[in-house]
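Trainee: Below is the structure, and that's it, no one-letter string:
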């Protein structure tokens, strides 16, 4: 039994030791929004992150936190997000992710059935990745 526990602990340690991929980092960011975990979401964004959303620009992580983060968390918690298409390219310490998504739910009393596009640029920092840039857009599903 001790050997099993030791192997399980070593296995978990190795999972934490390996670097998350850019796709795993992006999924963790969205999971943090959905869970309402503001601190975790902010940890996955570069301090210099630039976010384009609905014609608005947030020029840093702190600006995003001050302006749109709370609404993005509320939206994520009220809806389900499904990735329809995922494309990822890594070139050295930079990764680009292109996702097409579907979001459904009820937000602020309105039924949500939307398709969205997300472009994310990530940079490798140490053993992990952080988001440098998001560009989000969406429209009602047909």
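Mentor: Yes, it's here. Predicted model, so just to flag it, every value in this text is computed and none were measured.

Trainee: For the residue positioned nearest the centre of the chain, which three-state class applies?
Mentor: Centroid check for the chain by CA atoms, centre = their mean gives residue 29 as the closest residue, at 2.9 Å. In terms of secondary structure, residue 29 is helix; the call rests on DSSP: H, G, I helix; E, B strand; the rest coil.

Trainee: and if you look at residue 20?
Mentor: The three-state assignment at residue 20 reads coil, by three-state DSSP.

Trainee: Please name the nearest non-neighbouring residue to it.
Mentor: Leaving aside its chain neighbours, residue 20 sits nearest to residue 128 (5.4 Å; criterion: CB to CB, 6 or more residues apart in numbering). Where C-beta positions appear, they are placed from N, C-alpha and C, glycine not excepted.

Trainee: Just give me the neighbour total for that neighbour.
Mentor: 18 (other CB atoms under 10 Å).

Trainee: Just confirm the residue nearest to the centre of the chain contacts residue 41, I think it does.
Mentor: Yes: because the distance of 5.8 Å satisfies CB atoms under 8 Å, residue 29 is recorded as touching residue 41.

Trainee: can you tell me which residues contact the residue nearest to the residue nearest to the centre of the chain when sequence neighbours are not counted?
Mentor: On the basis of CB to CB, 6+ apart, the spatially nearest residue to residue 29 that is not a chain neighbour turns out to be residue 44, at 4.5 Å. Under the criterion of CB atoms under 8 Å, 6 or more residues apart in numbering, the neighbours of residue 44 are 25, 28, 29, 32, 130, 131.

Trainee: so what's residue 83 bridging to?
Mentor: Applying DSSP bridges to residue 83 gives these bridge partners: residue 101.

Trainee: My error: substitute residue 130 in the last question.
Mentor: With DSSP bridges applied, the residues forming beta bridges to residue 130 are residue 123.

Trainee: Please read off the pLDDT at it from the model.
Mentor: What the model reports as pLDDT for residue 130 is 98.

Trainee: pretty sure it is touching residue 122, no?
Mentor: Yes: if you go by CB under 8 Å, residue 130 and residue 122 touch, sitting 6.5 Å apart.
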